[in-house]
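Colleague: No sequence on hand, only this structure:
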């Protein structure tokens, strides 16, 4: 098993922490993992992306030119990464702010309106976990107990009280993508 | 017969390289005596600068670290933090401390490192042949201010002791001289107080010693002392600042 | 039980410092390595191991604090990124001249000047050819994983004290910022004052005691004959390091016709290139220098006798390629492939360069 995933969007959308939760879940399940952010000035509104690789063998390059899956959360990232998904791969995107929808026919494409839905359910701050729930529903690279453990490991102690809400967001995301 | 004077056993037998009339020899002697009288020979680490006193380590028989130009206070910071039970002092000139090393000096002061800074201010660069220092007085002739220091070209002489006295980490700031027996006695008392402050962990003690550089000033030692009294002391006023 | 953590390379350096018995870290913030100082301040090792951590007012102050700490026989270190290392160059020269051991971590970014905060390997020359003024070398370790960011803190201190030289860990923004699993099982306490005295009493400035002569940490010597003798002594130490401390790693070189030479993050990327090339039937191997100084010249010279060519992949305009060419000595072509300015190549870009190399050699 090897999953090379890019998560891309705006700073402030929780792109990096979404990747971190997944990476920790991978560790819990015994995978080799790498989490490689495109780092920059830490400001909201700038673009942010992270490459997460989960693999059952040692990871050679943490830098990828082709991705098995992409989670896309804004238009710039759509323009940049839709062409970089390998044929047969997966693209999941949040529809908010997307003006040019993906056109490829050789990949699996899923859309969700997590921005809208998370706000409507009072879960705006758990938007990223909701998206992660959607991704894991269609690409179950780790099981749900590992994800909860990943949440526990990646969140600072003081945020552990938010884990039950995050679990709800994961479930809500999975529901959302099925519709 | 009573012994009235003894040479400090901490002074080595090396012949000092300083020019006749230079103040460094006297100040070295005071430092050696202070360390000896406090029984701190095995506990003291000195940091020598770049400048005339770069070779201070040849004359006082303690462990020494020779620092890069201006960086003595940074070096001393680590030495003291890593060996908090030791006595750590820097010995620096005006070029080293108040020109190239201004940043390190100010920040060690501001952090309140428990060290002693001995600052020998003779208003000129001696080692490199008499160039202008930040502390050179207006009108004073040096190799790089051959027509006399002009504020419009060279800026003003500045008083770093007054500046550091404003910083919370500094517990003691004094300006001394060693041009007369009475001044030498006062300067030694000031050094003792500074070393005791460091021992007590009270913060940084800053001891400026206004000195002559008769070679750099192109005067005889006696002339230089008079010139210092008439010109330096009115600007660099002696006494405790904090 | 073995403790496995998922941490950034920079965090691994901080953890490595605490667990390797480091006595003092002195640093100044600069992207992309600030997590090292941040992590240390978060973990407050002065309350656990007694390790001192100081945020200095500049890189210049940082390296001079390292100089002071090293003179006291302590394990001390600093870290920075490219522009900050340039500021430290003077201090590194003094450390080498005064024969003081220390560890300096450079998490490289692109230059010249303020350049970019994105990753680069453009400080190879600076690290391997001395960095500051005068005839000296640092031992340079190039980690290619988060685990090695941790382990090389231990190895770096060991080498520094074995030879009393400054050691540099030459990393970059990729390894510094990425997270991987790391085992933290390797651990040792700080040295006691007694241990330091028994090891370093002939040079460390811990206070002149008893009958021992005063110790003086200094790089100054005005007598040219004595200064030459000190230089010759340093040079003979460097020759010992060259004969004993070369480290490198090979991947699929046994039957290789072409060898990719790459260090640090580039070696990770190039190892994927080698897999891809093999999948296409190309006989390609990878040689990864782990020590950049001393350089694995002898091994490269051996390989030059039986391969058709070398491709040196590095994130710069061509620096390590010069050392590879010196080792190969004209026997086979040595080409360079690089990207600059913070652009990171992907495995397929190196593969394309390799294919062009193959074509141009027939």
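Modeller: Now that the structure is in, tell me what you want to look at. Worth saying up front: this structure is predicted, and the values here are computed from it rather than measured.
Colleague: in stretch B:26-43, what's buried?
Modeller: Neighbour counts over stretch B:26-43 (16 or more other CB atoms under 10 Å in any protein chain shown) mark B:26-36, B:40-43 as buried. In this view, the C-beta of every residue, glycine as well, is placed from N, C-alpha and C.
Colleague: Also stretch C:4-13?
Modeller: So, applying 16+ other CB under 10 Å, buried residues of stretch C:4-13: C:5, C:6, C:7, C:8, C:9, C:10, C:11, C:12, C:13.
Colleague: Now do the end-to-end distance for stretch B:54-73.
Modeller: Distance across stretch B:54-73, first residue to last, is 14 Å (CA to CA, to the nearest Å).
Colleague: in the stretch 1-150 of chain C, which segments are predicted with low confidence?
Modeller: Applying pLDDT under 70 to the stretch 1-150 of chain C flags residues C:1-2.
Colleague: any idea how far chain A is from residue C:63?
Modeller: The spacing between residue C:63 and chain A, counted by CB to the nearest CB, to the nearest Å, is 25 Å.
Colleague: Quick one: neighbours of that residue, just the number.
Modeller: Residues within reach of residue C:63, counting by other CB atoms under 10 Å in any protein chain shown, total 33.
Colleague: next one: residue B:15
Modeller: Neighbours around residue B:15, by other CB under 10 Å: 8.
Colleague: before we move on, what about residue B:152?
Modeller: Burial of residue B:152 is recorded as 5 neighbouring residues (other CB under 10 Å).
Colleague: hmm, back to that, looking at the buried residues of stretch C:4-13, which one is closest to chain A?
Modeller: The nearest member of the buried residues of stretch C:4-13 to chain A, counting by CB to the nearest CB, is residue C:6 at 5.2 Å.
Colleague: element containing residue 53?
Modeller: With no chain named, the answer covers chain A. strand A:47-55 (DSSP states H and E).
Colleague: um, chain C though
Modeller: In the assignment (DSSP H and E), residue C:53 maps to strand C:52-55.
Colleague: Up against chain A, what does the stretch 1-150 of chain C have?
Modeller: Residues of the stretch 1-150 of chain C lying close to chain A (CB under 8 Å from any CB of the partner chain) are C:4, C:6, C:31, C:32, C:117, C:118.
Colleague: tell me the contacts of residue 26?
Modeller: By default, I'm working from chain A. Listed by CB atoms under 8 Å, 6 or more residues apart in numbering or on different chains, the contact set of residue A:26 reads A:32, A:33, A:52, A:54, A:141, A:142, A:146, A:150.
Colleague: oops, chain C please
Modeller: Residue C:26 sits next to B:78, C:53-54, C:56, C:61-63, C:65-66, C:69, C:76-78 when contact means CB under 8 Å, 6+ apart.
Colleague: for the closest residue to chain B within the stretch 251-362 of chain C, which residues make a bridge with it?
Modeller: Residue of the stretch 251-362 of chain C nearest chain B, by CB to the nearest CB: residue C:293 (23.0 Å). Counting by DSSP bridges, residue C:293 forms beta bridges with residue C:140.
Colleague: I'd say it and residue C:139 touch.
Modeller: Yes. Counting by CB atoms under 8 Å, residue C:293 touches residue C:139, with 6.4 Å between them.
Colleague: Please enumerate the strands of chain A.
Modeller: Using DSSP state E, the strands assigned to chain A run over residues A:2-10, A:32-38, A:47-55, A:67-72, A:85-94, A:108-112.
Colleague: I'd like the average pLDDT over the fourth one.
Modeller: So the one you mean is strand A:67-72. The average pLDDT within strand A:67-72 is 98.
Colleague: now the angle from it to strand A:47-55?
Modeller: Here strand A:67-72 runs at an angle of 150 degrees relative to strand A:47-55 (axes from the mean of the first three to the mean of the last three CA atoms, to 10 degrees).
Colleague: what packs against strand A:67-72?
Modeller: strand A:2-10, helix A:75-81, strand A:85-94, helix A:127-138 (3 or more CB pairs under 8 Å, 6 or more residues apart in numbering or on different chains; DSSP states H and E).
Colleague: cool, the shortest one as well?
Modeller: If contacts are counted by 3+ CB pairs under 8 Å, 6+ apart, strand A:108-112 sits against strand A:85-94, helix A:127-138, helix A:163-178.
Colleague: Next, the buried residues of it.
Modeller: Using 16+ other CB under 10 Å as the test for burial, strand A:108-112 gives A:109, A:110, A:111, A:112.
Colleague: before we move on, what about the fifth one?
Modeller: Neighbour-count burial for strand A:85-94 flags A:85, A:89, A:90, A:91, A:92, A:93, A:94 (criterion: 16+ other CB under 10 Å).
Colleague: List the strands paired with it, with their directions.
Modeller: Using DSSP bridges, strand A:85-94 pairs in its sheet with strand A:67-72 (parallel), strand A:108-112 (parallel).
Colleague: what mean pLDDT does that strand have?
Modeller: For strand A:85-94, the mean pLDDT works out to 98.
Colleague: try the last one
Modeller: The average pLDDT within strand A:108-112 is 96.
Colleague: repeat for the first one
Modeller: What strand A:2-10 shows for mean pLDDT is 96.
Colleague: Measure how far it is from the centre of its chain, please.
Modeller: 6 Å (CA atoms, centre = their mean, to the nearest Å).
Colleague: quick one: contacts of it?
Modeller: If you take CB under 8 Å, 6+ apart as the criterion, strand A:2-10 is touched by A:15, A:18-19, A:22, A:44-57, A:64, A:66-74, A:77, A:80-81, A:84, A:94, A:139, A:141.
Colleague: got JSON lines for the buried residues of stretch C:4-13, with secondary structure and distance to chain B too?
Modeller: Converted to JSON lines, the buried residues of stretch C:4-13 look like this (DSSP: H, G, I helix; E, B strand; the rest coil; distance: CB to the nearest CB, whole Å):
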{"residue": "C:5", "secondary structure": "strand", "distance to chain B": "28"}
{"residue": "C:6", "secondary structure": "strand", "distance to chain B": "32"}
{"residue": "C:7", "secondary structure": "strand", "distance to chain B": "27"}
{"residue": "C:8", "secondary structure": "strand", "distance to chain B": "26"}
{"residue": "C:9", "secondary structure": "helix", "distance to chain B": "25"}
{"residue": "C:10", "secondary structure": "helix", "distance to chain B": "22"}
{"residue": "C:11", "secondary structure": "helix", "distance to chain B": "23"}
{"residue": "C:12", "secondary structure": "helix", "distance to chain B": "24"}
{"residue": "C:13", "secondary structure": "helix", "distance to chain B": "19"}
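Colleague: now for the residues you listed, which pair is the farthest apart?
Modeller: C:6 and C:13 (15.3 Å; CB to CB).
Colleague: ok, the contacts of residue A:26 vs residue B:65, which is closest?
Modeller: Nearest to residue B:65 among the contacts of residue A:26, with distances taken as CB to CB, is residue A:33, at 45.5 Å.
Colleague: ok, and the closest non-adjacent residue to that closest one?
Modeller: Leaving out its chain neighbours, the residue that sits closest to residue A:33 by CB to CB, 6 or more residues apart in numbering or on different chains is residue A:26, at 4.2 Å.
Colleague: if I look at the one you found, how far off is residue A:1?
Modeller: Using CB to CB, to the nearest Å, residue A:26 is found at 10 Å from residue A:1.
Colleague: Quickly list what's touching both of these two.
Modeller: What both residue A:26 and residue A:1 touch, as defined by CB under 8 Å, 6+ apart, is the set A:54, A:141.
Colleague: residues of stretch C:284-303 that come out buried?
Modeller: Buried, per 16+ other CB under 10 Å, within stretch C:284-303: C:284-297, C:299-300, C:303.
Colleague: Please apply the same query to stretch C:176-192.
Modeller: Residues C:176, C:177, C:178, C:179, C:180, C:181, C:182, C:184, C:190, C:191 are the ones in stretch C:176-192 that count as buried (16+ other CB under 10 Å).
Colleague: In strands only, show me those residues.
Modeller: Applying DSSP E to the buried residues of stretch C:176-192, the entries found in strands are C:179, C:180, C:181, C:182.
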